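Undergrad: build the 3D model from these lines:
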Amino acid sequence: MSDSPGPTPPSERIVSLDALRGVAVLGILVINVRVFSMPETTLLNPTVFGDFTGANYWAWLVGHVLAEQKFITLFSALFGAGMVLFIESKERKDQPAMPLHYRRTAWLIAIGLAHAYLLWYGDILVAYGFCGLALVFAYDWEPRALAGLALVFLLVTPLLEVFAGLTVGGEAIAGQWAPAESALRAEVETYRSGWVAQFDHRAPTAFERQTVGFLGGTFWRVGGTVLLGMSLYKWGVLTGERSSAFYRRLVTGGLVGVGIVLAGVWYIEANDWSAAAALFWRQFNYVGSLLVAGGYVGIVTLYARWRPEGPATRAFAAVGRTAFTNYLLQTVVATTVFYGHGLGLFGSVPRVEALGMVVAFWAIQVLLSVMWLRRYRFGPVEWLWRTLTYGERQPM
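TA: Presented below is the predicted three-dimensional model:
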């Protein structure tokens, strides 16, 4: 174990953990591209905008079943694991672990705010930063206690939504579920216009997500998943320390999760995509996504254990080691393609074509990540974050 006061050297990194992070950051683009390329409401109700038949329907279905909430769940759990890993590493080196954690988290929030207000309102970094500040008190808890608190957090949103569905009904979500056509057209025109004009939508949307939206929903789902990730790290689940049989059971659980999500699709279609059924429909994917994310942990860990030096493991691990850079790079490329200060394709690209763009960009990200790490120790944004955290220039 290195005694260097700086970041963990590459030789001491956990390959399966990096590979999981790489899979997560690639996977979240499947869903994020929908918000990059279409009005925000389509993430809630895909029937309100764009063609929803044939190949475009199947592109949505594959993304919904295999990606929506699954990879962001995995990404959030890995953030929780990384938080504990960072603090424990600093404590072993007799460094001021908590001051470094707070500085590291403050800079994460600062970068997230710039990302949200200058580029894309859908930023997740600010939420991670807020959760990192609010939940660090539990970093040294026993894993069972962490998992228990995680369960409490994760139950808040579905209980509130089911209660609203039973008492208020479709009216509780009607405005978001079926917005006026004029509102959708206005959003399309906004993001086909220049960068300054986009600010009129981007700024208030980002602010709402970081305030009311965070306290009313994101904090409980993301916070609960962060806590779960902390417990799974301590149990050795995310670091590949459990038995192969355990990870195979996770894969089986993931298949059950797929079944739950598909049942939700049947339910909402049987109810003709009505607002009255929407709040109940959401719970199928909410629960199923946790199981599917666990399935991905099982698949990636088993593969990394089988082929630790294999090309796929190395490729995913390279993306994972540069995940911060890759996450922001996805925004830069997507906003350049879809927004008016770039190619201005917002609202005009069918779902299946957007999914094809995602696959093409995956190939580019993997290639760039592998090539970059052949020469440099960190991704460029990772290097900046570490330099700001430690208050001194880090070696590249």
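Undergrad: name the spans of the protein whose pLDDT lies under the cut-off.
TA: 1-13 (pLDDT under 70).
Undergrad: in the longest helix along the chain, what counts as buried?
TA: Counting by DSSP state H, the longest helix found in the chain is helix 275-306. For helix 275-306, a neighbour-count test (16 or more other C-beta atoms under 10 Å) marks 275-304 as buried. C-beta: built from backbone N, CA, C; applies to glycine.
Undergrad: so how many other residues sit close to residue 268?
TA: 19 (other C-beta atoms under 10 Å).
Undergrad: please begin residue numbering at 245 from this point
TA: Okay, residue one is now 245; in that scheme the one you just asked about reads as residue 512.
Undergrad: residue contacts, it?
TA: Taking C-beta atoms under 8 Å, 6 or more residues apart in numbering, we find residue 512 in contact with 521, 522, 525.
Undergrad: out of those residues, which one sits closest to residue 307?
TA: Using C-beta to C-beta, residue 525 comes nearest to residue 307 of the contacts of residue 512, at 15.9 Å.
Undergrad: which residues in the stretch 395-544 of the chain form helices?
TA: Secondary structure of the stretch 395-544 of the chain (DSSP state H, counting those that start in this stretch): helices located at 418-421, 425-436, 439-454, 456-457, 463-478, 488-514, 519-550.
Undergrad: out of these, which comes closest to residue 336?
TA: So among the helices of the stretch 395-544 of the chain, helix 463-478 is nearest, using C-beta to C-beta, at 15.1 Å.
Undergrad: any chance of CSV for the helices of the stretch 395-544 of the chain, columns distance to residue 347?
TA: Compiled in CSV, the helices of the stretch 395-544 of the chain are given as follows (distance: least, C-beta to C-beta, whole Å):
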stretch, distance to residue 347
helix 418-421, 37
helix 425-436, 35
helix 439-454, 20
helix 456-457, 26
helix 463-478, 19
helix 488-514, 35
helix 519-550, 30
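Undergrad: of all those, which one is nearest residue 259?
TA: Short answer: helix 519-550, nearest of those by C-beta to C-beta, at 5.9 Å.
Undergrad: surely residue 416 meets residue 408?
TA: Yes. Using C-beta atoms under 8 Å, residue 416 is in contact with residue 408, at 4.2 Å.
Undergrad: joint contacts of the two?
TA: residue 523.
Undergrad: which of these two has more neighbours?
TA: residue 416 (20 against 15).
Undergrad: quick revisit: same for the longest helix of the chain, what does it pack against?
TA: Counting contacts by 3 or more C-beta pairs under 8 Å, 6 or more residues apart in numbering; DSSP states H and E, helix 519-550 is packed against helix 259-281, helix 314-336, helix 387-411, helix 418-421, helix 488-514, helix 555-565.
Undergrad: go again with 6 Å.
TA: helix 259-281, helix 314-336, helix 387-411, helix 418-421, helix 488-514 (3 or more C-beta pairs under 6 Å, 6 or more residues apart in numbering; DSSP states H and E).
Undergrad: starting at the chain centroid, how far to that helix?
TA: Taking C-alpha atoms, centre = their mean, to the nearest Å, the mean C-alpha location of helix 519-550 is offset from the chain mean by 13 Å.
Undergrad: can you tell me which of the helices of the stretch 395-544 of the chain is nearest to residue 322?
TA: Of the helices of the stretch 395-544 of the chain, nearest to residue 322 by C-beta to C-beta is helix 463-478, at 6.0 Å.
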